[in-house]
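Student: quick check, what structure comes out for this input:
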Amino acid sequence: MGAPLRRRPVGAALLRLFPLAALIVLVAPVAAGIAGIVLPAFGYLPVLGSTEFSLAPFRALAAMPGLGRSVLLSLGTGLATTAAAFAVVILFVAGWRGTRVFAALERLVSPLLSVPHAAAAIGLALLIAPSGVVFRLLALAAGWERPPDLLIVQDRDGLAMTLGLVLKEIPFLLLMTLAALPQTRAAETDRLMRTLGYGRIAAFFYGVLPALYRQIRLATLAVLAFSTAVVDVALILGPTTPAPLAVRILEWQRAPDLDMHFVAAAGALLQLGVTLSALLAWLAAERLGAFLCRRFARSGRRARRDAWLRRLSALLMSLSAGTVLAGLGVLAVWSVAGVWRFPDVFPDGLTLMTWMRLAANLVDPLLNSVSIALAASLVAIALALGSLEFEARSGRTASGRALQALYVPLLVPQVSFLFGLQILFSFLGVDGTFAAVVTGHLVFVFPYVLLSLAEPWWSWDPRYGHAMRALGKTADSVFWRVRLPMLARPVLTAAALGFAISVGLYLPTLLIGGGRRPTVTTETVALASGGDLRLVGATALVQALLPFLGFALAAFVPAVLFRNRRRLRVAA
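Tutor: Modelled structure (predicted):
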């Protein structure tokens with residue numbers, strides 16, 4: 001008898017396609033979307049009967065009242081949000097890394113990150129509005145009978161909007177910082193600097209921060225790009241006379257006058273320029289900060305008296321986490337509140353009437369949210385697993401260019417390329433379809449899923465695989481029977497993160513769905529402008545609870561699957 005044929009791994013050839021597919025998902029929609037706004041911005045859109053190039057859209061854009069103010073609002077809130085969130089995170093990590101306080105707040109990162117922007121913004125509005133909980137507590141001490149006549153929410157300078165963005169971007173930057181710290185040898189460097197007499201924060205700034213910042217630089221720039229062009233938070237907390245540029249672009253795009261589509265395209269290009277200006281300003285600030293840091297280091301000051309700064313950073317970090325959680329609590333109370341007059345701290349009674357009114361109207365949006373989020377997160381998990389497994393078998397980690405490609409959809413303003421992508425999908429006749437909306441969500445879900453999964457994937461001990469291969473098992477068997485089961489917990493956590501990101505997406509659903517795929521998020525933002533706070537609170541609470549359910553399921557499934565395999569659970 002001849003020797004038995006050795007079966008080749010079935011997935012070997014297929015795996016080669018995953019990195020290419022991942023690159024296409026990250027880059028192609030952005031490139032197609034930007035291309036889709038360039039031609040209409042210059043007056044060329046045959047679908048609307050315009051077949052000649054013109055500068056008329058830019059002239060009409062320049063004539064829009066308050067355009068300069070809108071641009072400055074977008075630029076200012078973006079820079080202020082990024083600077084504040086970055087400062088709070090870096091100071092807290094520098095001052096409290098390795099302490100119980102740090103460990104306690106570290107456990108809140110994932111829950112806070114999973115809270116959708118719209119739910120967090122509405123919760124903040126119900127806290128700080130003149131008739132909100134904060135002023136009700138002040139009224140109790142001051143004896144007020146009426147709420148103060150103050151414009152806090154939707155203030156002209158966008159301060160409330162900036163605060164809302166800071167509260168949501170702090171958990172993201174903290175998560176990226178925690179993931180990057182092990183690559184900087186922070187503990188060893190910090191001990192060395194402390195033996196030289198430097199204070200805790202100064203030691204971190206001089207010894208650890210330069211290497212750390214290189215790791216989180218793209219994440220910081222992604223926060224800046226998002227903050228300059230955010231729509232859902234701006235609709236809830238931002239000014240309206242005029243609104244930030246991204247909100248006005250959306251208004252022009254949805255105007256009944258079809259000629260406003262050309263103005264919206266020109267505005268989308270302007271938004272791209274605004275975001276690019278913000279990124280350039282941040283890069284210039286980097287150089288200035290590095291220069292000042294070197295000057296201070298050469299002065300020989302050890303900055304040992306930093307206790308006040310450490311306490312301040314812990315206070316700010318605790319306040320940011322507490323404010324988001326308190327906002328969710330206020331949403332829950334409003335969803336069951338009866339009569340709740342100012343200055344009463346608690347409602348007169350509790351009722352389920354709001355939930356009964358909401359139940360029938362929220363079924364379709366809830367089903368759409370869950371189905372779109374499940375589809376996008378599952379596709380993202382498949383792409384991430386295939387790409388990482390290909391890199392593992394080929395013996396190389398992700399290259400710098402591949403990692404940079406992850407941030408392409410996060411560095412380009414959503415309103416700039418989604419508007420063009422909507423035009424492209426409309427031309428192809430697929431706009432508003434389930435597949436089109438899932439594709440739009442996948443562009444934003446996949447980067448977070450891959451970033452979340454990459455570190456535990458490469459931390460897996462390869463000796464398990466070597467043992468299986470020595471027993472004659474194929475690479476496919478190692479993947480399906482050893483590596484994937486052992487990494488079930490991080491895989492499910494990454495899927496839950498992707499689910500949470502998808503649930504919170506507003507603009508991709510609105511533009512690509514064309515209003516035909518309402519989700520809990522689109523309903524929440526639409527109701528936020530209404531006057532029924534009970535209905536707003538209940539809808540926003542549903543939006544906030546969906547991601548929590550995803551993370552709870554991600555924790556529950558491995559516990560059930562591996563209840564008799566404790567060592568496997570520890571490895572996962």
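
Student: what residues sit buried inside the longest helix anywhere in the chain?
Tutor: Using DSSP state H, we find that the single longest helix of the chain is helix 260-298. In terms of neighbour count (16 or more other Cβ atoms under 10 Å), helix 260-298 has its buried residues at 260-272, 274-275, 277-279, 282. (Each C-beta comes from the backbone N, C-alpha and C, glycine too.)

Student: which elements pack onto whichever helix or strand comes after that helix?
Tutor: Using DSSP states H and E, the helix or strand that directly follows helix 260-298 along the chain is helix 307-335. In terms of contacts (3 or more Cβ pairs under 8 Å, 6 or more residues apart in numbering; DSSP states H and E), helix 307-335 is packed against helix 67-96, helix 100-106, helix 109-114, helix 117-128, helix 159-180, helix 200-203, helix 533-561.

Student: got the angle between the longest one and helix 260-298?
Tutor: Right, the one you point to is helix 67-96. Helix 67-96 runs at 40 degrees relative to helix 260-298, counting by axes from the mean of the first three to the mean of the last three Cα atoms, to 10 degrees.

Student: quick check: angle from helix 67-96 to helix 307-335?
Tutor: Using the same axes, to 10 degrees, the inter-axis angle of helix 67-96 relative to helix 307-335 is 120 degrees.

Student: could you pull out the helices for the stretch 451-572 of the chain?
Tutor: 463-470, 475-478, 484-486, 488-503, 507-513, 520-528, 533-561, 566-571 (DSSP state H, counting those that start in this stretch).

Student: what would those look like in TSV with mean pLDDT and distance to A63?
Tutor: TSV is the format used below for the helices of the stretch 451-572 of the chain (pLDDT from 0 to 100; distance: least, Cβ to Cβ, whole Å):
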stretch	mean pLDDT	distance to A63
helix 463-470	79	64
helix 475-478	80	62
helix 484-486	84	58
helix 488-503	91	38
helix 507-513	90	25
helix 520-528	90	29
helix 533-561	87	35
helix 566-571	50	63
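
Student: once you drop chain neighbours, what's closest to L316?
Tutor: Nearest residue to L316, sequence neighbours excluded (Cβ to Cβ, 6 or more residues apart in numbering): V88, at 4.9 Å.

Student: ignore the last one, P518
Tutor: Counting by Cβ to Cβ, 6+ apart, P518 lies nearest to P365, which is 4.7 Å off, once chain neighbours are set aside.

Student: dump the residue contacts of the one you found.
Tutor: P518, T519, V520, T522, E523 (Cβ atoms under 8 Å, 6 or more residues apart in numbering).

Student: just name the closest of those residues to F434, please.
Tutor: For the contacts of P365, the closest approach to F434 (Cβ to Cβ) belongs to T519, at 11.9 Å.

Student: who's in contact with the closest residue to that closest one other than its chain neighbours?
Tutor: Spatially, and ignoring its direct neighbours in sequence, T519 is nearest to S369 (4.2 Å; Cβ to Cβ, 6+ apart). Contact analysis of S369 by Cβ under 8 Å, 6+ apart lists V503, T519, V520, T521, Q543, L546.

Student: tell me how far the second one lies from L546.
Tutor: From T519 over to L546 the distance is 10 Å, taken as Cβ to Cβ, to the nearest Å.

Student: before we move on, the earlier item: quick one: the helix or strand hosting the residue nearest to P518 to chain centroid distance?
Tutor: For P365, the host element (DSSP H and E) is helix 363-394. Remark: helix 363-394 is offset 16 Å from the chain centroid, using Cα atoms, centre = their mean, to the nearest Å.

Student: and the pLDDT at the residue nearest to P518?
Tutor: Listed pLDDT for P365 reads 92.

Student: still on that earlier bit, any chance of the contacts of S369 in a markdown table, with neighbour count and distance to A21 too?
Tutor: Below are these laid out as a markdown table (neighbours: other Cβ atoms under 10 Å; distance: Cβ to Cβ, whole Å):
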| residue | neighbour count | distance to A21 |
| --- | --- | --- |
| V503 | 29 | 24 |
| T519 | 30 | 26 |
| V520 | 28 | 29 |
| T521 | 28 | 27 |
| Q543 | 29 | 30 |
| L546 | 24 | 27 |
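
Student: can you count the residues close to L428?
Tutor: Using other Cβ atoms under 10 Å, the number of residues around L428 comes to 10.

Student: show me what contacts the nearest residue to A60 once chain neighbours are set aside?
Tutor: Closest residue to A60 apart from its sequence neighbours, by Cβ to Cβ, 6+ apart: V263 at 5.0 Å. By Cβ under 8 Å, 6+ apart, the residues touching V263 are P57, A60, L61, M64, W252.

Student: hmm, try it at 6 Å
Tutor: The contact partners of V263, by Cβ atoms under 6 Å, 6 or more residues apart in numbering, come to P57, A60, L61, W252.

Student: pick out whichever of these sits closest to S377.
Tutor: Among these, W252 lies closest to S377 (Cβ to Cβ), at 32.3 Å.

Student: thought the closest one was touching F262?
Tutor: No. If you go by Cβ atoms under 6 Å, W252 and F262 don't touch, sitting 9.0 Å apart.

Student: picking up where we left off before, please tell me how far the residue nearest to T519 sits from V520.
Tutor: The separation that S369 has from V520, given Cβ to Cβ, amounts to 5 Å.
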